[in-house]
Each structure stands twice: as structure tokens, then as C-alpha cells.
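[1] Predicted coordinates and the sequence they were generated for:
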Amino acid sequence: MTKDRNFTKIQELTYELRVRDAMIADVVTVSPKQAIHNLRDVMREKHISGVPVVDEGRVVGLISIEDYIRCLAQGEMDVIIERRMTRDAETLYADEPLVHAVRKFEQYGFGRFPVIERNGQKLVGIITKGNIIKCLLRKLEVEYHEEEIHHYRASHIFEDIVADKTNLVLKYEIAGKDFDRAGQSASRLKKTLHRLGIRPEIVRRIAIVAFEAEINIIVFTDGGRLTVSVCSDRITIGASDNGPGIPDTEQAMQPSFSTAPDWIREMGFGAGMGLCNIRNCADEMSLASQIGKGTNLEVVIYLNGNEADKDVRRQNEAS
Amino acid sequence: MKLKDIVERLHLESATPRCGLDREVSGGYASDLLSDVMANSREGNVWVTLQVHQNIIAVASLKELSGIIIVNGRKAEQEVLAKAEQEDIPVMLTGLQTFEIAGRLCEIGIRGNTK
Amino acid sequence: MTLEEISKTIEAEVLVGQDSLKTEVKIGCASDLMSDVLAFAKPDAILLTGLANRQVIYTANVADIHAICFIRGKEPDEKTLKLAEQKGIVLMTTRLPMFVSCGRLFKNGLTGLGYLDISKRNDQR
């Protein structure tokens, strides 16, 4: 299954990633009014074999090393680029899914495509097959790290995301009684956490907490939200809703205690283990509820777990 | 085979001392869904489940099951046990999971229901 | 047991994941309730269940379970099949009831998780 998983992951990634994720933004360009001989230095120094021709930021054509060589052979070094370039160059939009780029490469057999913005059609980058492969590998790499690197990565997660934020917040709106989608947010969260390079055992605990919290919101309320905050040393999962509230939170924490009606049990929920499962997975937990107002659950899971916790976890997992 | 043999051989804990274990077991049924037990269990079956709420007694009584085995080390509430004794439905407990208890029951000769 | 051996032992038809049948599985987990699956299930397990809805797929995904066999002839709908495919989860179905399925697999070497004690676990926190 591992080989299939890899293949499916790559496919998934090509649908999720955008052209802008793989492209090179720093593009070498030439203007249509320049003479062809200017290309020599550009191509030789930058080791590229094709250059977008850009006029006022917009791609008006493409000129390749073949075009250059042909001009050289015919003594046309002073001819301006505009007269020898290929017009109507194929381009890609920056916000297109990467899979479109892959298809385009297969369709046209070109080496590269200029990338333009949808609004205004300005050139924003260039993309080659090599860029796509590098991008996919970089994303996949996140899945296959060893223990030490996981530990390292856990505290360097943010270098991979957005540089000027200090934490990452993921929000999921949960609709009440939406049984069909029960568990979907937890599943999506799990995927994202894997991508961030967090250790699988920790991802599982977080996903279980999110799942149980999601189910509780669906089964017992008219709707709520899950807010997951990823910091360098911990992940905080908050679940809140607007009612009806839990009359006795102590009692609710007892295993087997459940107020779910039978029809809910017939769907596979309401065995009374939700809050227990959450407590068993959490490093810190607080549950506050007010009748008529709503419930707030907050769970903290440490990313770098200290030794004592590790032993408790190991015992729990072994039992 | 009688319930008391099962309790002994599988080291179950009896949670309803007032209920006699001297009854024949016709077979085993494992399910956590009440509607399913209502539809498919047979008289005299011993029912393996992790559900611990009141309604399991009502179902067991209606279908005349020989007893209920609650798994995963879960405990039924006092009211549930009181009702069980009232309806004379023995409730037994085990720390094993459904998979293993069902497996061991088969091992000692308790069959599932055949069509 | 491999998933292939399992499907033969409990007369199960493979619905999703036909090319992953060589996967080894050590543990059997039988449940119709999601929270139970999350409380104690382990990876390398096959889940036997009578619930054939999408939530079971999400649950299995969260619990890192890679194979599910529906019992009592339950079959999931198209959407659920697609979801399982997406998440890389093998799906099978058998007409046999839960009790019999567990019995056969247990006999053939699949184990449970041993004795569990919920109350003890809570005190550790």
C-alpha cells in the first residue's frame, strides 16, 4: 500500500498545489524592441534556453535559443526580437492547480511556460518540469522524516509556512446535526498536520481530540467551531458552540455517561466515550459550560513532550 | 453450555449476583446497534456489546436473550443493573474487547446464528 | 494474516483496494461505535463493523486503520467508496454476522488488544 500511497499523494498534491507554489518568480525577460544579439549574454549567463518577451509587464511572445541560432546563421543579429519571437505563447495562470501545468507539459512538449496573473495578465514567474518535481518532492519530504528531524522540524514549522506570522491558526465551522460530514474536519486537519511535519503519534492524538469534539458539536448542538492553533512548542484545540450547554461537566467526563438518544447511537455515536477519549489524548484540558449559553473545550498537546509524558503515553499505547 | 460455564472459563465478572447463571446458551451475538440485535439475535443468545445504557435490558428481555456480556472493562450504571436483576437478565463484565471475547466464545464452542 | 487471507476466511468481497491485499494485519477490532474505535484501536488492525457510512471512513482515517470489513452484508454507497479510495483504506464486505467473523479470524491468529481497563486509564491522568 505504501507505493500506492505515494502515488496517490503526488496526485493529490498536484491538485492541491498551485502553479505559483512551484514557479520561479525571478524571471529573466527581454523586451520586444531589443536587438537579438542581446540574447547571447542572457542565455549564456543564466543557462536558460527560452526567454519570455515582455512589454509593459505583459507577455507578448517567447524567444528561444533556436530562434537565436537561426538569426545568427542568417546574419540577423540586429533584427529586433519582436520580429523573430513566437507570438501567442502558451502560458499558465499563477492560481491554476499544478495538474494543469503537468498536462500542458505533456500536451505541448515545451520546456517551460511563463506564468501570468489572471487579472491584468502580467508576468509573475516561469515554470519548468524541474520546478514542478522539486516542489512536489519538497512537499512529500515532509512526510518521511526521522525522529530527530521531526523534533527539529516541530520547532521550525513556521519557516515552511508564512514567515511573518508566529503561529498558524486553522478554523473549521461545524454545522449542527450534519451527520453526513461527521469526522470530515478532523480528517482534513489530520492531513494538514501531516504536511506540517508533525510526528504521526502526535497527529493521531490531535485528530482524535478534534474528531470527538466535532462529533459532540454535531450530535448535541446547533453548530459550533473548531479552532486549531499551531505554535512552535504546542498545539491548542478549541471547540466552542452556542448551546444547549452541559449541566454537569464532571458527570459528562465519566466513561459510559451519555445523554444521546437511541437513534443517535444507531448511527454509531453517543457511546459516552467522547470526552474520555479527549482527556486521554490531551496534555492539558479544560471544559466549561453554561446552560443556554454554550460550551467551551480547550485542549493542549505538547509538540516536544517531556520524558514523564512519554512514559504515560507509551503505557497507554501498549495497553 | 450454560452461562456459568462461560463465566468460569472466560473469567467474566458477574455484575448481577441475584440472577441465576444456570441457563442454556443457544449461541452468541455481537452488536452495538439495538435495531440490529432486535432484528437478528435469537432466543437464548448471549449478547456481546459495549453499550451500557438502560435500553440494553429492555432489548435483552424482549428477545429473551440468556445474558449480556459488556466489554472493554466498562461498567453499567446502578439503575441498569437494578433493572437487569428485576428482569432477570444476567449482566457479565470483561476487560477484553468484542473481537477477542467473540473469538474465545467460539473457541469454547458457542456458535453464531446460522441462516 | 494478509488482507487476502482475511477475505477468504470470512468470505468477504473486496470493494476498494484490490491491489493492497498483501498487507499484513495483526489485530482485529470489532465495533459499531466510532468512539470505541478511537479509544483503543491500533494501526495494523482491521476494523469489523456493521456501520457502512462515511463517518466510519473518517474514523478509520483518524485512527490510522487501513482496512475495514463490513459485516451482515452491509455495503457502503458510492460516495463512501470514493472517500475510502481517497484515504487509501481497503474496504470489504461479508454476509457473515459479527460474532462468526470474529470467531473465524481469532481462530486463524488475529488477536485483540488484551485486557482493557478504562477506569485505571483515567486515574493515570
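    In hand now; what should we look at?
[2] Do me a favour and average the pLDDT over stretch C:15-34.
    For stretch C:15-34, the mean pLDDT works out to 92.
[3] what distance separates the start and the end of it?
    By C-alpha to C-alpha, to the nearest Å, the extent of stretch C:15-34 from end to end equals 21 Å.
[4] That stretch close to chain B?
    Yes. Applying C-beta under 8 Å from any C-beta of the partner chain, one finds stretch C:15-34 in contact with chain B at C:28-33. C-betas here are computed from N, CA, C, even on glycine.
[5] buried stuff in that stretch?
    C:15-17, C:20-21, C:23, C:25, C:27-34 (16 or more other C-beta atoms under 10 Å in any protein chain shown).
[6] Equivalent analysis for stretch C:107-116, please.
    For stretch C:107-116, burial by neighbour count (16+ other C-beta under 10 Å) applies to C:110, C:112-113, C:116.
[7] any chance of those residues in TSV, with secondary structure and pLDDT too?
    What follows is the buried residues of stretch C:107-116, written out as TSV (DSSP: H, G, I helix; E, B strand; the rest coil; pLDDT from 0 to 100):
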residue	secondary structure	pLDDT
C:Leu110	coil	94
C:Gly112	coil	88
C:Leu113	coil	83
C:Leu116	coil	73
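[8] Got the domain ranges for chain A?
    Structural domains assigned to chain A are A:2-137, A:147-318, following automatic domain parsing.
[9] How far away from the center of its chain is the longest one?
    Mean C-alpha position of domain A:147-318 versus that of the full chain (C-alpha atoms, centre = their mean, to the nearest Å) differs by 19 Å.
[10] what's the answer for stretch B:108-115, then?
    14 Å.
[11] quick check: mean pLDDT across that stretch?
    Computed over stretch B:108-115, the average pLDDT equals 86.
[12] so of the residues of stretch C:15-34 next to chain B, which ones are in strands?
    Under the assignment DSSP state E, those contribute C:28-30 to strands.
[13] Could you give me the buried positions within stretch B:67-77?
    For stretch B:67-77, by 16+ other C-beta under 10 Å, it's B:67-76.
[14] and the domains of chain A, which is most packed in?
    Each of the domains of chain A was scored by mean neighbour count; the highest is domain A:147-318, a mean of 18, by mean count of other C-beta atoms under 10 Å in any protein chain shown.
[15] and it with chain B, contact?
    Yes. Residues of domain A:147-318 contacting chain B under C-beta under 8 Å from any C-beta: A:255-256, A:258, A:262, A:265-266, A:268, A:271-272.
[16] Among these, give me the pair with the biggest separation.
    Considering C-beta to C-beta, no two members of the residues of domain A:147-318 next to chain B lie farther apart than A:Pro255 and A:Glu266, which are separated by 20.5 Å.
[17] Wait, A:Leu98 touches A:Met23, no?
    No. In this structure, A:Leu98 is not within contact of A:Met23 by C-beta atoms under 8 Å, at 9.7 Å.
[18] All the strands of chain A, residue numbers only.
    Shown for chain A, the strands assigned by DSSP E span residues A:50-55, A:58-64, A:86-87, A:92-93, A:112-116, A:123-128, A:168-175, A:223-230, A:234-241, A:284-290, A:294-302.
[19] Among those, which comes closest to chain C?
    Closest of these to chain C is strand A:284-290, at 8.5 Å (criterion: C-beta to the nearest C-beta).
[20] Give the partner strands of the closest one in its sheet and their orientations.
    Strand A:284-290 has its sheet partners listed here by DSSP bridges as strand A:294-302 (antiparallel).
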